[in-house]
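Novice: Fold the stuff below for me.
(one chain, ligands or ions: 1)
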Amino acid sequence: MVVRPAVAALALVVLAAAGVRAQEPGPFPAPKAAPAIVTPGRTSADPPSDAIVLFDGKDLSRWRGKDGGAAKWTVRDGYVEVAPGRGDITTADKFGDVQLHIEWATPAVVKGEGQERGNSGVFLMDRYEVQVLDSYDNTTYFHGQAGSVYKQYAPLVNASRKPGEWQTYDIVFHAPRFDEQGKVIDRARVTVLHNGVLIQNNVEIYGLTYNDRPAIYIAHSPAEPLHLQDHGNPMRYRNIWIRRL
Ligand code: MG
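Specialist: From the prediction side, this is the model:
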């Protein structure tokens with residue numbers, strides 16, 4: 001069959017027009033609710049109006065000890081210090097997706113090496129650890145240094161301050177989702193800024209970290225407490241606040 005050039009050209013024009021139409025984005029539905037009004041803190045380290053203040057330097061009333069009783073770390077001068085041997089402390093409240101601000105300092109007098117120097121940890125959902133460590137001039141495995149997702153991701157850079165100086169983590173955490181059989185269908189993700197520097201960029205957490213086998217997910221509730229680790233070092237924390245997302 002001989003296709004006349006004019007017909008062929010017309011067909012091309014029609015096809016091209018259809019193609020263009022198919023690629024046009026549909027109209028975006030207008031959001032029905034106005035974004036809630038939040039009054040920001042005086043500085044970006046101060047809690048905004050919708051934050052839950054977990055520790056304001058005065059008491060540990062929002063925290064529990066390892067037996068579920070009172071948290072027995074030492075509060076003084078606006079900070080709380082790990083009391084080695086008394087165990088982790090855990091929030092009474094439970095959380096899923098969050099924005100977390102937390103400040104910490106490793107001991108000014110340096111003791112120990114590697115993982116034994118200024119070790120603690122921020123455990124999101126009681127399980128997923130953002131490592132706290134004195135990583136200023138301190139060698140250890142890279143996915144175990146400050147700001148690592150422990151044994152999973154090294155920080156993108158080492159933004160550590162000197163021992164004894166206050167440091168900040170600003171963490172955005174997306175909780176994992178599980179189906180009814182307990183299979184993970186949406187992994188946890190975390191973004192971390194260390195002293196204002198991006199060190200974890202929305203990384204997908206592999207699950208629970210083990211020392212001797214690969215990480216796995218074990219289904220848990222959509223909300224779980226936050227805990228801070230007693231790793232035997234007198235680490236300090238202050239100004240801890242969290243927002244539910
Ligand atoms: Mg730790």
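
Novice: any idea what sits nearest the residue of the chain found nearest the ion, other than its immediate chain neighbours?
Specialist: Nearest residue of the chain to the ion: Gly121, at 3.2 Å (CB to the ion). Bear in mind the C-beta positions are built from the backbone N, C-alpha and C, glycine included. Distances taken as CB to CB, 6 or more residues apart in numbering place Gln229 nearest to Gly121, at 3.9 Å, with adjacent residues excluded.

Novice: And for Glu224?
Specialist: Glu224 sits nearest to Met125 (CB to CB, 6+ apart), 4.0 Å away.

Novice: can you check Gly78 too?
Specialist: Nearest residue to Gly78, sequence neighbours excluded (CB to CB, 6+ apart): Gly57, at 3.6 Å.

Novice: Count the residues that sit near the one you found.
Specialist: 15 (other CB atoms under 10 Å).

Novice: Within the helices and strands, which one has it?
Specialist: Following DSSP states H and E, there is no helix or strand that holds Gly57.

Novice: Give the full set of residues in contact with it.
Specialist: Gly57 makes contact with Val75, Gly78, Tyr79, Arg238, Asn239, according to CB atoms under 8 Å, 6 or more residues apart in numbering.

Novice: Name the member of the residues you listed with the most neighbours.
Specialist: Counting neighbours by other CB under 10 Å, Asn239 leads the contacts of Gly57 with 21 neighbours.

Novice: My read is that that residue contacts Glu103, right?
Specialist: Yes - with contact defined as CB atoms under 8 Å, Asn239 counts as touching Glu103 (4.7 Å).

Novice: Which neighbours do the two have in common?
Specialist: By CB under 8 Å, 6+ apart, the residues touching both Asn239 and Glu103 are Ala45.

Novice: Skipping adjacent residues, who's closest to Asn201 in space?
Specialist: Asn201 sits nearest to Thr191 (CB to CB, 6+ apart), 6.2 Å away.

Novice: And the helices in the chain?
Specialist: Secondary structure of the chain (DSSP state H): helices located at 5-23.

Novice: residues from it in reach of the ion?
Specialist: For the chain, the contact set with the ion under CB under 5 Å from the ion comprises Asn119, Gly121, Gln229.
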